[in-house]
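Undergrad: Let's see this in three dimensions:
(one chain, ligands or ions: 1)
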Amino acid sequence: MNITASYIRRELQDYYTPQEAGNLSRLICCEILGQSVVDYYLGKDITLSAKAEQELQSLLRRLRNFEPIQYILGEARFLGRTFQVASGVLIPRPETEELVEIMLKEISSTSRVLDIGTGSGCIAATLAKELPGAQVTAWDVSEEALAIAAANSLALQVPVCFEQRDVLTYIPGVTERYDVIVSNPPYVTEAEKQDMERNVLDWEPSLALFVPDADPLRFYRRISVLGLEILEPDGKLYFEINRTFGEDIVLMMRELGYRFVRLQKDISHNDRFVIAQK
Ligand SMILES: C[S@@+](CC[C@H](N)C(=O)[O-])C[C@H]1O[C@@H](n2cnc3c(N)ncnc32)[C@H](O)[C@@H]1O
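TA: Predicted structure coming up:
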């Protein structure tokens, strides 16, 4: 069978915006089916074997069911590296790449770093890779996430110490100390569910996404309190946040005694990061 990029776009057009259908069609033609970018833009035919055609139809069916392309392919990119992902972990987001870029400019290369809610391990493994002198520990409550994060750190050949911890209940050991804590915790309120795309809502793990409407700062408060115990003096805390709660998180952290608390915007001009010093 011969297919073209416009065939793929047509198959997806009732499910995605024209831009999304175009992006998916380019990815399928160039990255999965191996068409050159020039041939793609010229709209040239791609000849598929019977088996390749079956695989393409299965891929299109999954996309029409709103399964994220990263789960279908089993991988996602994060700051230029490939991370294994599956439906048990959040797909790394560009905002989180920005957070890591900020950290790489600010933290010492020999820091003891703790990543809370590591998911795919994208933050922890990237920091360990970029800062070979750092000691990186990563927590998650999810066994499935920890298994994927461990596979990612193995693939990148970086030593990250993964531990299964529920940050909401964990009591740290008396000698446990870090120079830096980073967290992109669950921060979407139940009320925000109605505005979410189906590819997120139907496929990404609720455990990674949601907090109760009645307590949207639950993770930020708990991690900030924990930071007072386990951060060294002058230690730093880096949060990715829900843009709606920036001022609330800043206030809460100032009240707890954190210094130099700053709210920073992401590339889309949304309040997205809170950074503070103990
Ligand atoms: C928003 S995801 C972030 C994943 C990854 N750090 C990233 O930025 O792509 C939040 C993570 O927190 C984990 N998590 C949820 N509740 C937790 C808890 N009580 N203790 C520790 N981790 C938790 C989830 O399993 C999930 O992996």
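Undergrad: mind listing what the nearest residue to Gln264 once chain neighbours are set aside touches?
TA: Spatial nearest neighbour of Gln264, chain neighbours left out: Phe273 (4.3 Å); criterion: C-beta to C-beta, 6 or more residues apart in numbering. Just so you know, the C-beta spots here come from the backbone N, C-alpha and C atoms, and that holds for glycine as well. The neighbours of Phe273, taking C-beta atoms under 8 Å, 6 or more residues apart in numbering as the test, are 98-99, 102, 238-241, 263-266.
Undergrad: a markdown table for these, including secondary structure and pLDDT?
TA: As requested, these are exported to a markdown table (DSSP: H, G, I helix; E, B strand; the rest coil; pLDDT from 0 to 100):
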| residue | secondary structure | pLDDT |
| --- | --- | --- |
| Glu98 | helix | 98 |
| Leu99 | helix | 98 |
| Ile102 | helix | 98 |
| Tyr238 | strand | 98 |
| Phe239 | strand | 98 |
| Glu240 | strand | 98 |
| Ile241 | coil | 97 |
| Leu263 | strand | 98 |
| Gln264 | strand | 97 |
| Lys265 | strand | 97 |
| Asp266 | coil | 96 |
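Undergrad: Most neighbours among those, please name it.
TA: Ile241 (28 neighbours; other C-beta atoms under 10 Å).
Undergrad: Now do it against the ligand, distance only.
TA: 11 Å (C-beta to the nearest ligand atom, to the nearest Å).
Undergrad: now swap in Met103 and tell me
TA: Distance from Met103 to the ligand, by C-beta to the nearest ligand atom: 12 Å.
Undergrad: What of Glu106?
TA: Taking C-beta to the nearest ligand atom as the measure, Glu106 falls 18 Å from the ligand.
Undergrad: Show me which residues of this structure sit near the ligand.
TA: Residues of the chain found near the ligand (C-beta under 6 Å from any ligand atom) are 89-90, 92, 96, 117-120, 122-123, 139-142, 145, 165-168, 184-186, 207-208.
Undergrad: still on that earlier bit, hang on, the residue nearest to Gln264 in a strand?
TA: Yes. Judged by DSSP: H, G, I helix; E, B strand; the rest coil, Phe273 forms part of a strand.
Undergrad: Quickly list what it is bridged to.
TA: Glu240, Gln264 (DSSP bridges).
Undergrad: How confident was the prediction at Val250?
TA: On pLDDT, Val250 comes in at 98.
Undergrad: domain ranges for the chain?
TA: When the chain is parsed with automatic domain parsing, its domains come out as 2-65, 75-277.
Undergrad: Mind listing what's buried along the top helix by length along the chain?
TA: In the chain, with assignment by DSSP state H, the single longest helix is helix 50-64. Neighbour counts over helix 50-64 (16 or more other C-beta atoms under 10 Å) mark 56, 59-60, 63 as buried.
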